[in-house]
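In: no sequence for this one, just the structure:
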């Protein structure tokens, strides 16, 4: 009894949450709604002739029902929710409460009707049908009352530091859910100016009083200025990537913010969108391509049950190859890299994070250098790899232009060392990650990768050597987009080497999945090139990033081509042509063939020159091996005369 009295005292006199009503007031509010519902039912039933309504019986019976509701609320705790934040869970709790109240009334009525000694209580209970109707109307009143309070609070009483006029692009279910999610943002007052949809069956109709218009009527400067629109939110997750990019490009030219609703799979609990999940459009969204659908049979057959080794495993490409390889159930995955900190990060991820920690594949992490013959031999001896993905390399063009010795040592002789060991230890397949800069190279880095290609392609033995070429990957270490983001964070300017410079882009997962597929279908001496899509002007890329960041004062500074850099990258050299493969995004290149004897002779000469550390002598020999290597914007141009 003492505990019960303490709870009642706490209910009435307990401390309130900041800005919220005490629970007792919510309980009183609910009871007032119930009493209103109980009165309305007979009022409607007997309208307009109220002579048949026996008021004493009526008040006696609704008093009993009201007591049952009070007890039901106290037992189920339906009044504990904050009214202004009423959601589906609160409505569910109220519904359960009313359901149990009806069941209790039904049981009591049944007992009173069937036990003679309790027959005197029959006048306190209504008919079954009347009880059901009253409970149903009470439920409607309870739900509607809370929703009305929530709407009134959101519209008139909730503090809003920021007022934002928004357009929702998409008038389907996702658009309506987006609107509701925006109303939950306590930091911003969103006013939905218009919905936009290209469905003729929806245009001209309205959602919650907001008109649905066609895109042409909204996506123009006149409309944006008239309604002072601040943001347009894409709420059509089913759009194709191409359609999505077309819409985004139109919007960013209007000078308003662009946000997007993620795919429904990313929503909380799969059916609820939180306003925090509505994200700003990123430049990567404008470079994304339609997803490449790969059959996994080739790769699975290639890797399942085999020892796979990845060099450069901690890098952007190498780490993603490791992630994808794990899904194909190899016997063991050996990850090799010299960078200890990135290797630690990769080790932690694959051992502790979903989904990799549950993949029952032995994972070996090895720190070492591909130039170290002793270490590499130890690794081959210990693990006996059957498939090798060679991603270890220096890749930064201007930096390697200043350090030909290191570029040759790693990219050429590091590759040569691993290739020779692969032959010695009878590795089944050696897949080398090359670059589009190896085609008609204009810089030291590209030339070293081309020499590595030439060396591996000239090996004719039981080990199959396959080369894959592709361009820039989004988000890789040292790529242009992270650089622009840093420059924007510092207020600019964005530095572009030339107004007309173009590059090809591909996502890291896409590039790596194509590497695995090409490696699986590749035979000896194959060089594969990937469909990189349309080239992107870096100047236009910078302009769009400035617009997306809403920093119109940021300038673009033309700095001139860096050493070894060229305006455009090629995927195929002039002496090459391609033949299609079974995959439309992968092409097989026909390249000039080299004999092992001539390659070994020229490589041996390069090795003799290397210890001198004389940059011009090293580069001169590289040009002998790769006649198409013509330096651009570099000190080594004098060697081409």
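Out: Yep, that arrived. All values reported here derive from a predicted model rather than from experimental measurement.
In: Where does pLDDT dip in the stretch 101-250 of the chain?
Out: Residues of the stretch 101-250 of the chain meeting the criterion pLDDT under 70: 119-120, 122-123, 154-161, 185-187.
In: in it, which spans are strands?
Out: Using DSSP state E, counting those that start in this stretch, the strands found in the stretch 101-250 of the chain span residues 162-169, 188-196, 206-207, 210-213, 231-234.
In: Show me what the second one is packed up against.
Out: Judged by 3 or more CB pairs under 8 Å, 6 or more residues apart in numbering; DSSP states H and E, the packing partners of strand 188-196 are strand 162-169, helix 173-182, strand 210-213, helix 215-218. Bear in mind the C-beta positions are built from the backbone N, C-alpha and C, glycine included.
In: Let me have those in JSON lines, extended by distance to residue 38 and mean neighbour count.
Out: Below are these laid out as JSON lines (distance: least, CB to CB, whole Å; neighbours: other CB atoms under 10 Å):
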{"stretch": "strand 162-169", "distance to residue 38": "40", "mean neighbour count": "20"}
{"stretch": "helix 173-182", "distance to residue 38": "31", "mean neighbour count": "19"}
{"stretch": "strand 210-213", "distance to residue 38": "36", "mean neighbour count": "18"}
{"stretch": "helix 215-218", "distance to residue 38": "48", "mean neighbour count": "15"}
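In: can you list these in a markdown table and add distance to residue 281?
Out: Putting those into a markdown table (distance: least, CB to CB, whole Å) gives the following:
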| stretch | distance to residue 281 |
| --- | --- |
| strand 162-169 | 12 |
| helix 173-182 | 15 |
| strand 210-213 | 21 |
| helix 215-218 | 17 |
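In: Need the per-residue pLDDT for the residue nearest the centre of the chain.
Out: Centroid check for the chain by CA atoms, centre = their mean gives residue 262 as the closest residue, at 8.1 Å. Model confidence at residue 262, given as pLDDT, is 73.
In: Please apply the same query to residue 374.
Out: pLDDT, residue 374: 96.
In: Nearest residue to residue 343 in space, please, no chain neighbours.
Out: residue 314 (4.4 Å; CB to CB, 6 or more residues apart in numbering).
In: let me redo that: residue 407
Out: That would be residue 400: by CB to CB, 6+ apart, it lies 4.1 Å from residue 407.
In: The one you found is in contact with residue 446, isn't it?
Out: No: Residue 400 lies out of contact with residue 446 (CB atoms under 8 Å); the separation is 9.1 Å.
In: Specify which residue of the two has the higher count of neighbours.
Out: Taking neighbours as other CB atoms under 10 Å, residue 400 and residue 446 compare with residue 446 leading, 27 against 24.
In: in the longest helix that the chain contains, what counts as buried?
Out: Criterion DSSP state H: the longest helix present in the chain is helix 88-114. The neighbour-count check on helix 88-114 (16 or more other CB atoms under 10 Å) flags 90-91, 93-94, 97-98, 101-102, 105, 108-109, 112 as buried.
In: Now distance to residue 589 too, for those, in CSV please.
Out: CSV is the format used below for the buried residues of helix 88-114 (distance: CB to CB, whole Å):
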residue, distance to residue 589
90, 63
91, 62
93, 65
94, 68
97, 71
98, 72
101, 76
102, 75
105, 81
108, 85
109, 85
112, 90
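In: Ends of stretch 121-130, what's the gap?
Out: 17 Å (CA to CA, to the nearest Å).
In: One more: stretch 469-481?
Out: With CA to CA applied, stretch 469-481 spans 21 Å between its terminal residues.
In: and if you look at stretch 179-189?
Out: By CA to CA, the extent of stretch 179-189 from end to end equals 12 Å.
In: Repeat that for stretch 387-401.
Out: Start-to-end span of stretch 387-401 (CA to CA) is 32 Å.
In: buried ones in it?
Out: Within stretch 387-401, the residues scored as buried using 16+ other CB under 10 Å are 387-395, 397-401.
In: Can you give the distance from that stretch to the centre of its chain?
Out: Distance of stretch 387-401 from the chain centroid (CA atoms, centre = their mean, to the nearest Å) equals 27 Å.
In: mean confidence for that stretch?
Out: On average, stretch 387-401 scores 94.
In: Spit out the contact partners of the residue nearest to residue 343.
Out: Listed by CB atoms under 8 Å, 6 or more residues apart in numbering, the contact set of residue 314 reads 335, 337, 339, 342-343, 345-346.
In: mind checking the SS state of it?
Out: Classification of residue 314 using DSSP: H, G, I helix; E, B strand; the rest coil returns coil.
In: how about low-confidence regions in the stretch 351-500 of the chain?
Out: 475, 477-478.
In: what's the burial count for residue 488?
Out: Residues lying near residue 488 (other CB under 10 Å) number 18.
In: residues touching residue 384, list them.
Out: Here residue 384 is in contact with 307, 425 (CB under 8 Å, 6+ apart).
In: hmm, try it at 10 Å
Out: Residues in contact with residue 384, defined by CB atoms under 10 Å, 6 or more residues apart in numbering, are 307, 309, 332, 334, 425-427.
In: Residue 101 now?
Out: Contact analysis of residue 101 by CB under 10 Å, 6+ apart lists 34, 65, 68-73, 75-76, 78, 131, 135, 138-139.
In: Helix, strand or coil: sort out residue 467 for me.
Out: Three-state call for residue 467 (three-state DSSP): strand.
In: which residues does it bridge with?
Out: Under DSSP bridges, the beta-bridge partners of residue 467 are residue 432, residue 527.
In: wait, doesn't it sit right on residue 429?
Out: No: contact criterion CB atoms under 10 Å: residue 467 and residue 429 do not qualify, at 11.6 Å.
In: Mind listing the shared neighbours of these two?
Out: Counting by CB under 10 Å, 6+ apart, the residues touching both residue 467 and residue 429 are 519, 522.
In: Looking at those two, which one has more neighbours?
Out: residue 467 (27 against 21).
In: which ones are touching the more buried one?
Out: Contacts of residue 467 by CB under 10 Å, 6+ apart are 390, 430-434, 438, 449, 452-454, 456-457, 518-519, 522, 525-529, 589, 591.
In: Now stretch 319-332: buried residues?
Out: 319-328, 330, 332.
In: Select from those every entry located in helices.
Out: 319-326.
In: What I need now is these written out in CSV, including pLDDT and distance to residue 60 for each item.
Out: Formatted as CSV, these follow (pLDDT from 0 to 100; distance: CB to CB, whole Å):
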residue, pLDDT, distance to residue 60
319, 94, 76
320, 93, 75
321, 95, 79
322, 96, 77
323, 94, 72
324, 93, 74
325, 95, 77
326, 94, 73
